[in-house]
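Chemist: I'd like to go over a predicted model; first the sequence, then the structure.
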Amino acid sequence: MMSMMRCHQMLTDVVLEVGSELFHSHKVVLAAASPYFKAMFTSGLMETEMSRVTLHGVCPSAMSKLLEFIYTGKIRVTETTVCTLLPAAAMFQVADVIKACCIFLERQLSPSNAIGIASFAEQHGCLELKNRVNQYVLRNFSQVCQEDEFLTLSAAQLVDLIKKDELIVREEREVYTAVIRWVRYSEEARRPQMQSVLSAVRCQFLTPRFLHEQMRNCDVIRKLPACREYLASIFKDLTLHKKVTVRERTPDTPRIIYIAGGYFKYSLDIMESFNVTLGTWSTLAKLTIPRSGLGCAFIKGMFYAVGGRNNAPGGSYDSDWVDRYDPLRDLWRPCNPMSVPRNRVGVGVLDGLIYACGGSAGAEYHNSVERYDPEEDRWCNIKQMSSKRLGVGVAVVNRLLYAIGGFDGERRLNSCECYHPERDEWTSIPDMAVPRSGAGVAALNHHIYVVGGYDGVQQLNSVERYDTETRSWQFVAALTTARSAITLTPIDDNKLIAIGGFDGQGLLSLVEIYSAEEDKWSESASLPSARSGHAAAISFFQVSCPFFYVVFFLYVGLEVLEICPIN
């Protein structure tokens, strides 16, 4: 009724003049709906007695829609109206319309407009929307940095974005490349700011090979001696294997452990994932062939299954196969095979390359090592280890590859060696106290943990830790259950997770988590089924579509949002 009365100018007591248009309204209705109008008409201002008020900073069409909402409780937000509606609603403090506009903008998010929407939200005080969009940018940086909006960021905005721990990238090279692209967009103006922007990139996590190429071939870097010297100092520290003092990025996303293959009566083709935060398991696409004794690696968002053995009822064979799993598509595809089959192979990642160490092909035990380049899909042989090693554990610290223990065909080994990639050379490090093969091996900070294993007589529950700085071993808290053929992987800076294995009598589904801070093991959610000889690797960034991306696809093509608040 009041809306009808406004349309017929019945009992209206104020005329709002907006541009060249006039809107007849009721002061009491405006004051009830908007703190702005309440202050105008009830605080003793001169507008209290005025029957005609001129409003600035709002367009007539937006004012018309706001008045319609004030009188009816309904509003239609579209792509063409949201840009004028939100400023008007913010100006007059009409909370429900602000909310409607924010919901609409949130549903339109894409890599091409996220930076613009964040800026728009900040301009109009929509801090919740701004924070949500900024989270979207952090989660989708790889796509956002390819868009034109990214190039319009100021140097301060760019630094604020790329310095965040929560930034999700597959590798730091993405951030560096985005910065170079940003500079080239307006090189003369931005070149003086390059040094401060480059310092926000965590160049310590670029590979020496990439750094060398940039210093030699990048025209932007060559024109800036200070930047070139900065990269040269990082290159020197990396090639001298100094401890990196810069923190790795720690995105606030679920830690997902991918577990492939294994053995239970025969080799398995199962692939599962474990959400460390929720403690839940999920079943994924099966391996292309069943295998146990395989190695694995997680690089640039892809999981690689390397080697292993197919123990099947009809026959068994050792495998040179390498397969790559894409978590986004839940899909496997084959890669180029290794030069020889490798069962119970040790696998590590150094400079974005996969190293496959030792293993066996039938009765032949390997001391050979080969290296895989995922970008070129190519394997090449490198310097052999000093000992043959089956069931060897591999870890990487400060760009050095460590091979721990194993079985040489005659005895279990307590010897260990370290590979220097610049020299293509293996050197011995101090022996463990206990010989072990099939142990779980993983690095935490500058320590290497060796968990359980088999000494030739029995399964072990003891745990040894190697300090790469003091070059010394010490025992730490033992597992609750002795076991070998176990997998071990870090889940953050201070924790390890040990999965499955064989206790000498049966296969285990047991999962334990070690806290380095407390020097204590505790049980976690068990494997869905018992197994040994499986492979596990962790993803430290979210590989599934984040919430906003899902919303964008759900609402693509949406033209109108209608909000009907309940008073």
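Modeler: Arrived safely. Computed from a predicted model, the values in this text were never measured in an experiment.
Chemist: what's the burial count for T54?
Modeler: Per other CB atoms under 10 Å, the neighbour tally for T54 reads 11. C-beta coordinates here come from the backbone N, C-alpha and C atoms, glycine included.
Chemist: pLDDT at it, what is it?
Modeler: We have a pLDDT of 85 for T54.
Chemist: try the one 4 residues further on
Modeler: V58 is assigned a predicted lDDT (pLDDT) of 89.
Chemist: let me see the domain layout of the protein.
Modeler: In terms of domains, the chain is parsed into 2-138+552-563, 141-248, 256-540 (source: automatic domain parsing).
Chemist: pick the most buried one from those domains.
Modeler: Ranked by mean neighbour count under mean count of other CB atoms under 10 Å, the domains of the chain are led by domain 256-540, which reaches a mean of 19.
Chemist: helix or strand right after the helix or strand A121 falls within?
Modeler: Of the helices and strands defined by DSSP states H and E, A121 is found in helix 114-123. Read in the C-terminal direction, the helix or strand following helix 114-123 is helix 127-139, with elements assigned using DSSP H and E.
Chemist: what comes into contact with whichever strand or helix holds E229?
Modeler: For E229, the host element (DSSP H and E) is helix 225-239. Residues lying outside helix 225-239 but in contact with it, judged by CB atoms under 8 Å, 6 or more residues apart in numbering, are 194-195, 198-199, 203-204, 206-208, 211-212, 214-215, 220-222, 244, 399, 422.
Chemist: mean pLDDT lowest where, among the domains of the chain?
Modeler: Set side by side, those differ in mean pLDDT, and domain 2-138+552-563 is lowest with a mean of 84.
Chemist: relative to S3, how far out is S196?
Modeler: S196 sits 56 Å away from S3, going by CB to CB, to the nearest Å.
Chemist: oops, could you answer that again for V220 instead?
Modeler: Look at V220 and S3: by CB to CB, they are 61 Å apart.
Chemist: again, but for I404
Modeler: I404 sits 78 Å away from S3 when distances are taken as CB to CB.
Chemist: how about H534?
Modeler: From H534 to S3 the distance is 68 Å (CB to CB).
Chemist: and for D503?
Modeler: Here D503 is placed at a distance of 77 Å from S3 (CB to CB).
Chemist: same check, this time on A536
Modeler: Here the distance between A536 and S3 works out to 64 Å (CB to CB).
Chemist: and what of Q384?
Modeler: When Q384 is compared with S3 (using CB to CB), they lie 86 Å apart.
Chemist: where do the helices sit along the stretch 301-450 of the chain?
Modeler: Taking DSSP state H, counting those that start in this stretch as the test, none of the stretch 301-450 of the chain falls into helices.
Chemist: the stretch 101-250 of the chain too?
Modeler: Secondary structure of the stretch 101-250 of the chain (DSSP H, counting those that start in this stretch): helices at 114-123, 127-139, 141-144, 148-151, 155-162, 173-185, 187-190, 194-198, 208-217, 219-222, 225-239.
Chemist: now the ones you listed as JSON lines including distance to E272?
Modeler: Formatted as JSON lines, the helices of the stretch 101-250 of the chain follow (distance: least, CB to CB, whole Å):
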{"stretch": "helix 114-123", "distance to E272": "33"}
{"stretch": "helix 127-139", "distance to E272": "24"}
{"stretch": "helix 141-144", "distance to E272": "26"}
{"stretch": "helix 148-151", "distance to E272": "37"}
{"stretch": "helix 155-162", "distance to E272": "34"}
{"stretch": "helix 173-185", "distance to E272": "28"}
{"stretch": "helix 187-190", "distance to E272": "47"}
{"stretch": "helix 194-198", "distance to E272": "41"}
{"stretch": "helix 208-217", "distance to E272": "34"}
{"stretch": "helix 219-222", "distance to E272": "44"}
{"stretch": "helix 225-239", "distance to E272": "35"}
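Chemist: minimum distance to P290: which of those helices has it?
Modeler: Of all these, helix 141-144 sits nearest to P290, with 34.0 Å by CB to CB.
Chemist: and the closest one, what does it pack onto?
Modeler: Contact here means 3 or more CB pairs under 8 Å, 6 or more residues apart in numbering; DSSP states H and E; on that basis helix 141-144 packs against helix 173-185.
Chemist: give me every residue that touches F274.
Modeler: Each residue near F274 by CB under 8 Å, 6+ apart is listed here: 256-257, 259, 280-282, 511, 525.
Chemist: hang on, it in a helix?
Modeler: No. Assignment of F274 by DSSP: H, G, I helix; E, B strand; the rest coil gives strand, placing it outside any helix.
Chemist: state the pLDDT value of Y549.
Modeler: Per-residue pLDDT puts Y549 at 31.
Chemist: do M1 as well
Modeler: According to the model's per-residue confidence, M1 sits at a pLDDT of 87.
Chemist: re the thing from before, out of the helices of the stretch 101-250 of the chain, which comes closest to C380?
Modeler: helix 208-217 (14.0 Å).
Chemist: now for the closest one, which elements pack on it?
Modeler: Packing partners of helix 208-217 (3+ CB pairs under 8 Å, 6+ apart): helix 219-222, helix 225-239.
Chemist: just the C-alpha atoms of the first one, please, in CSV.
Modeler: Looking back up the chat, that one is helix 219-222. Taking C-alpha atoms only, helix 219-222 is exported to CSV below (Å, rounded to 0.1, in the frame of the first residue of the first chain):
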residue,chain,number,x,y,z
ASP,A,219,66.6,-8.9,-20.5
VAL,A,220,64.9,-7.4,-17.5
ILE,A,221,67.5,-8.9,-15.1
ARG,A,222,70.4,-8.0,-17.3
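Chemist: ok, and what's touching that helix?
Modeler: Outside helix 219-222, the residues within contact range by CB under 8 Å, 6+ apart are 180, 183-184, 187, 191, 194, 214-215, 227-228, 231.
Chemist: from those, pick the one nearest L390.
Modeler: Of all the contacts of helix 219-222, the one with the least separation from L390 (CB to CB) is Q214, at 40.3 Å.
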